[in-house]
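Novice: Fold the following and give me the result.
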Amino acid sequence: MTDEVDEAGVAELRNAVIAFNVAATGYSDGASLGCLLRDQDGHLIAGLDGFTWGGYAMIEWLWVDSDYRHDGLATRLVEAAEHEAARRGCGVVRVNTHTFQAPGFYAGLGYSQVGLAEDTPIGHGEVFLQKRL
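Specialist: Sure thing, here's the model as predicted:
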């Protein structure tokens with residue numbers, strides 16, 4: 001076991017898992033789902049990244065710079081992702097967040113908790129949520 005894993009190795013691993021998933025499910029429609037917002041100088045101010053596959057969407061990353069929070073950017077990013085996911089035929093959007101991050105934010109957008117992993121990291125939890133479109 002090593003803690004040194006290069007990007008090429010991770011890409012190879014990811015591709016092997018994707019090939020297995022496609023063979024097991026028959027769904028080969030995986031596609032990126034995301035948007036990055038930058039200021040006039042090109043600095044990242046907000047973004048969302050995830051994917052759609054097999055009739056569902058997954059939000060993997062959502063972040064808004066502290067100077068731009070409370071302006072509705074996160075809500076607009078999630079709503080845009082939901083709209084695009086629905087356009088692609090998805091009926092469910094999933095997201096994982098930590099108890100110190102944004103479970104209340106997602107609940108306010110209509111997401112329901114479907115699971116919780118405690119002590120991930122220690123003293124906190126990882127919350128699993130979904131929303132039916």
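Novice: And stretch 66-86, what's buried?
Specialist: Along stretch 66-86, these residues count as buried under the neighbour rule (16 or more other CB atoms under 10 Å): 73-74, 77-78, 81-82, 84-85. Just so you know, the C-beta spots here come from the backbone N, C-alpha and C atoms, and that holds for glycine as well.
Novice: got a markdown table for those, with secondary structure and distance to Trp61 too?
Specialist: As requested, the buried residues of stretch 66-86 are arranged in a markdown table below (DSSP: H, G, I helix; E, B strand; the rest coil; distance: CB to CB, whole Å):
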| residue | secondary structure | distance to Trp61 |
| --- | --- | --- |
| Leu73 | helix | 14 |
| Ala74 | helix | 12 |
| Leu77 | helix | 10 |
| Val78 | helix | 12 |
| Ala81 | helix | 11 |
| Glu82 | helix | 16 |
| Glu84 | helix | 16 |
| Ala85 | helix | 15 |
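Novice: can you list the weak-confidence ranges in this structure?
Specialist: 1-2 (pLDDT under 70).
Novice: in what helix or strand does Leu37 lie?
Specialist: In this structure, Leu37 sits in strand 31-38 according to DSSP states H and E.
Novice: in that strand, what's buried?
Specialist: Using 16+ other CB under 10 Å as the burial criterion, the residues of strand 31-38 that qualify are 33-34.
Novice: Pull the residues that contact that strand.
Specialist: Outside of strand 31-38, the residues within contact range by CB atoms under 8 Å, 6 or more residues apart in numbering are 44-53, 57-59, 73, 77, 80-81, 84-85, 88.
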